[in-house]
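Below is the sequence, then the predicted model.
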Amino acid sequence: MKPATKKRFGQHFLTDKHVLSAIIRAAELKSSETVLEIGPGRGVMSQAILDTGASLKAVEIDRDLAKYLRERFEGNEQFELIEQDVLKLNFAEQLGPEPIKLVANLPYNVSTPIFFALLKHRQQFKTITIMVQKEVGERLLHKGETKPLKDYGILSVASALCFDSRLVCHVGPKSFSPPPKVDSVVLQLTPRPALSEDEAALIALVRWGFAQRRKLLLSRVRKERPEDFERLSEAAKLSIEGKRPENLSPSAWEELYRELNKGN
């Protein structure tokens, strides 16, 4: 018997074969490759990945699903189950030194923290092909160049600086069991090289900025970070004067970080 879905894990299992095929095509899997899947659920996508001849490492936190997956893929030497919370996963230890591909229908309730975990370890992946809630996908694709700017934020800046991203397809609620109350999208993220800056500190700066996205950025720096304000050149102050966090492009955020940390 197939395990029931559990709301606390944000489980919605993909059942649409056309969407599944689109994901596998986008990932361009080869028989010589290893793939990481996060949240394999009942193993529908796992089977599609294995059918390409690729080896699969599947990370599943749900004990009942883990038991089901072990039984379903028993004897398949290309399938490895990692029963663990992906947010606690030691990527370097589990994945090894060579970059692999990631293919996953991310649990919607933890898709944002998973994204930041993948960002931190992105050099261990060739490509990341993921399904996320449409709202999250729009933020990941937004580069601050078009409206609505409400979709532009920390996810957008981090994604633009650290990945080349593209939309694979849109996915409606009827493609899942049980159907979610939201639409979804499939994205492919290709990791960019490590930034020359301290990435964690840069992301922390952007997060600080968007925590009060309606306030003028220069005024906040002057009031909340007086030492940083004094460090800014007049040209840098002029570049952000009258602007809110949403008015700075990803590259402008990177330049602001450089200004605040020059000489350090």
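On my side now, so go ahead.

Would you state the helices of the stretch 1-150 of the chain in chain order?
17-27, 44-51, 63-72, 91-95, 111-120, 134-141 (DSSP state H, counting those that start in this stretch).

nearest to Ser177, of those?
Minimum separation from Ser177 across these (CB to CB) falls at helix 44-51, 9.9 Å. In this view, the C-beta of every residue, glycine as well, is placed from N, C-alpha and C.

for the record, mean pLDDT for the closest one?
The average pLDDT within helix 44-51 is 97.

what does stretch 83-96 give?
Computed over stretch 83-96, the average pLDDT equals 93.

Might you list the low-confidence residue ranges for the stretch 1-150 of the chain?
Residue ranges of the stretch 1-150 of the chain with pLDDT under 70: 1-11.

one more time with 90
Within the stretch 1-150 of the chain, the stretches with pLDDT under 90 are 1-13, 32, 96-97, 107-109, 145-150.

Ile82: neighbour count?
Applying other CB atoms under 10 Å, we find 16 residues neighbouring Ile82.

All further residue positions should be reported with the first residue as 46.
Yep, numbering from 46; the last one is Ile127 now.

can you tell me which residues contact it?
102-105, 134, 139 (CB atoms under 8 Å, 6 or more residues apart in numbering).

Any chance of the helices of the stretch 46-195 of the chain in CSV with distance to Ser222 and mean neighbour count as columns?
Shown next, in CSV, are the helices of the stretch 46-195 of the chain (distance: least, CB to CB, whole Å; neighbours: other CB atoms under 10 Å):
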stretch, distance to Ser222, mean neighbour count
helix 62-72, 13, 17
helix 89-96, 10, 20
helix 108-117, 14, 16
helix 136-140, 29, 13
helix 156-165, 19, 18
helix 179-186, 18, 20
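
and those helices as CSV, adding distance to Glu242?
What follows is these, written out as CSV (distance: least, CB to CB, whole Å):
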stretch, distance to Glu242
helix 62-72, 30
helix 89-96, 35
helix 108-117, 39
helix 136-140, 21
helix 156-165, 14
helix 179-186, 21
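
For Leu301, find the nearest of those.
Ranking the helices of the stretch 46-195 of the chain by proximity to Leu301 (CB to CB) places helix 156-165 first, at 19.3 Å.

From what I see, Gly98 and Ser76 are in contact.
Yes: Gly98 lies in contact with Ser76 (CB atoms under 8 Å); the separation is 2.9 Å.
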